[in-house]
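only geometry, no sequence info:
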């Protein structure tokens with residue numbers, strides 16, 4: 001028997017029935033689809049509850065009756081005693097009302113002390129009206145700030161998913177990664193629109209709502225159907241993104257008169273707020289922040305890491321060289337012209353020839369990179385741009401290489417004018433020698449036959 005049939009059989013509202021369930025007065029079984037399955041005994045129990053509540057027997061007393069901790073005779077006797085007091089109060093009211101009427105009393109000259117002295121009882125009367133639909137149901141759950149925090153955490157969660165997918169597929173540069181993260185935050189509603197209905201339909205909550213003890217149920221207590229979940233998510237996004245009603249319906253909700261616009265066919269259930277909900281929410285927030293930091297740091301490392309083949313080294317180098325480079329490396333680490341104008345120089349300085357790279361291999365993997373070049377009779381520099389790209393592409397790809405150590409490598413070569421050095425960093429031996437005559441690396445002296453010689457080697461030591 002479903003809840004609509006139970007409503008028809010008992011005359012109780014759905015909210016009343018669910019309230020009695022929450023108080024433990026009945027526990028219907030659930031079908032595989034999550035819907036409640038009521039029995040005839042459940043219906044009889046509800047009818048008994050309805051009768052006793054019409055007699056204003058408290059819920060606590062009904063629970064004791066069900067647990068055989070009290071007898072019905074004792075409960076009724078206590079109720080009769082209270083009714084006697086209530087009857088006396090009603091008679092007092094009737095007597096005073098008749099007295100006011102017979103005296104022709106008017107409000108502005110009413111002698112209140114005279115009539116109050118005739119009142120035998122000073123207690124307020126109990127209201128015995130039938131108010132089951134107002135009293136015997138769970139109050140609406142708003143949990144305003146908890147729900148707002150859960151919504152923001154969900155948005156961060158989806159933004160992290162988008163950012164990770166973009167990072168894995170496109171491997172953007174660090175500067176580009178910042179825009180990727182910002183863009184993911186702004187477009188997080190797209191995966192939210194797709195994924196949230198599935199979460200609500202199959203689990204009744206979202207990842208961050210779960211951490212904060214929030215669940216979404218349909219009015220009859222079952223999980224939302226997929227269509228209901230889709231409708232709810234669309235309405236949430238509409239009111240949150242395209243209107244300003246979210247501010248007034250959620251943050252400044254009037255519990256008596258206001259209605260959250262997207263909860264017309266469902267409602268929110270909330271566990272009692274405990275420390276685990278606070279720590280769960282903060283843990284998710286910190287994890288999303290760490291995920292963003294992880295992406296920013298890893299975007300600065302080469303795509304291919306560990307032991308590299310020639311093709312992997314070329315892919316790393318070409319990524320750092322960028323789309324505006326005139327020359328890049330092919331799969332055998334030989335220079336190839338990628339300029340639309342057919343240029344024969346690489347983008348490492350004015351009028352500087354491209355050096356031939358010597359690749360050392362061990363068991364099919366690169367163990368060292370070197371080149372030597374001499375330039376005479378023209379301006380030039382120490383090939384720092386080329387060497388920095390090689391350092392990032394090969395040295396930065398080694399396991400255990402940290403960002404600070406990569407920056408230390410770059411600082412060694414990034415000097416003006418260039419200076420020779422030899423250093424070992426995280427298992428990589430780097431030797432750089434530069435010498436020049438007749439001109440500085442920055443400009444050619446008048447009437448001088450200048451030259452510059454550069455040798456560079458980077459090799460694993462283990």
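Cool, the structure landed. Because the structure is a prediction, the values reported are computed rather than measured.

got the residue ranges for the strands in the protein?
For the chain, the strands defined by DSSP state E cover 29-30, 36-37, 214-218, 266-270, 327-329, 335-337, 358-362, 365-376, 421-425, 428-437, 451-460.

among these, which gets the worst mean confidence?
Sorting the strands of the chain by mean pLDDT places strand 266-270 lowest, at a mean of 70.

Neighbours of residue 367, how many?
Residues within reach of residue 367, counting by other Cβ atoms under 10 Å, total 14. C-beta: built from backbone N, CA, C; applies to glycine.

quick one: which of the strands of the chain is nearest residue 114?
When the strands of the chain are compared by Cβ to Cβ, strand 266-270 sits nearest residue 114, at 52.0 Å.

how close does the nearest residue to residue 36 once chain neighbours are set aside get to residue 37?
Closest residue to residue 36 apart from its sequence neighbours, by Cβ to Cβ, 6 or more residues apart in numbering: residue 28 at 4.5 Å. According to Cβ to Cβ, to the nearest Å, residue 28 and residue 37 sit 6 Å apart.

more neighbours, these two?
Here residue 28 and residue 37 are compared on neighbour count by other Cβ under 10 Å; more neighbours surround residue 28, at 20 against 12.

Start and end of stretch 53-68, how far apart?
18 Å (Cα to Cα, to the nearest Å).

Quick one: mean pLDDT for it?
For stretch 53-68, the mean pLDDT works out to 90.

now swap in stretch 82-94 and tell me
Average pLDDT, stretch 82-94: 81.

and the nearest residue to residue 29 once chain neighbours are set aside, what does it touch?
Nearest-residue entry for residue 29: residue 37, 5.0 Å, with adjacent residues in sequence omitted and distances by Cβ to Cβ, 6+ apart. By Cβ atoms under 8 Å, 6 or more residues apart in numbering, the residues touching residue 37 are 1, 2, 28, 29, 30, 31.

Nearest to residue 196 among those?
Proximity of the contacts of residue 37 to residue 196 (Cβ to Cβ) peaks at residue 30, which lies at 23.4 Å.

what sits opposite that closest one in the beta ladder?
Assessed by DSSP bridges, residue 30 has beta-bridge partners residue 36.

Looking at neighbours, which among the contacts of residue 37 is most surrounded?
Neighbour-wise, the contacts of residue 37 (other Cβ under 10 Å) top out at residue 28, 20 neighbours.

Please give me every residue in contact with that one.
Taking Cβ under 8 Å, 6+ apart, one finds 21, 36, 37, 38, 39, 42 in contact with residue 28.

And the pLDDT at the fourth one?
To tie it back to what came earlier, the one meant is residue 38. 90.

Could you do the last one as well?
At residue 42, the predicted lDDT confidence score is 91.

what do you get for the first one?
Turning to residue 21, the model gives it a pLDDT of 89.

related to what we said a few turns ago, among the strands of the chain, which is nearest residue 285?
strand 214-218 (15.9 Å).

contact partners of the closest one?
143, 146-147, 150, 200, 204-205, 209, 223-225, 228, 232, 265-271.

Low-confidence stretches in the stretch 251-400 of the chain?
251-267, 323-324, 339-352, 377-382 (pLDDT under 70).

and the contacts of residue 37 as TSV, adding distance to residue 164?
Listed next are those as TSV, based on distance: Cβ to Cβ, whole Å:
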residue	distance to residue 164
1	48
2	43
28	43
29	42
30	37
31	38
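
so which of the residues you listed would you say is closest to residue 81?
residue 28 (34.9 Å).

circling back to that earlier point, dump the contacts of residue 28 into a markdown table; add distance to residue 52 as well.
Formatted as a markdown table, those follow (distance: Cβ to Cβ, whole Å):
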| residue | distance to residue 52 |
| --- | --- |
| 21 | 17 |
| 36 | 22 |
| 37 | 25 |
| 38 | 19 |
| 39 | 20 |
| 42 | 16 |
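
Highest neighbour count among those residues?
In terms of neighbours by other Cβ under 10 Å, the contacts of residue 28 top out with residue 42 at 23 neighbours.

Just the helices from the stretch 51-200 of the chain, written as ranges.
Using DSSP state H, counting those that start in this stretch, the helices of the stretch 51-200 of the chain run over residues 59-66, 72-103, 112-116, 132-135, 144-170, 174-186, 189-202.

quick one: which of those helices is nearest residue 355?
In terms of Cβ to Cβ, the element of those nearest to residue 355 is helix 174-186, at 27.7 Å.

So which elements touch that closest one?
Packing partners of helix 174-186 (3 or more Cβ pairs under 8 Å, 6 or more residues apart in numbering; DSSP states H and E): helix 144-170, helix 275-298.

most neighbours per residue, which of those helices?
Comparing these on average neighbours per residue, with mean count of other Cβ atoms under 10 Å, the densest one is helix 144-170 at a mean of 18.

Next, the angle strand 214-218 makes with it.
Helix 144-170 runs at 100 degrees relative to strand 214-218, counting by axes from the mean of the first three to the mean of the last three Cα atoms, to 10 degrees.
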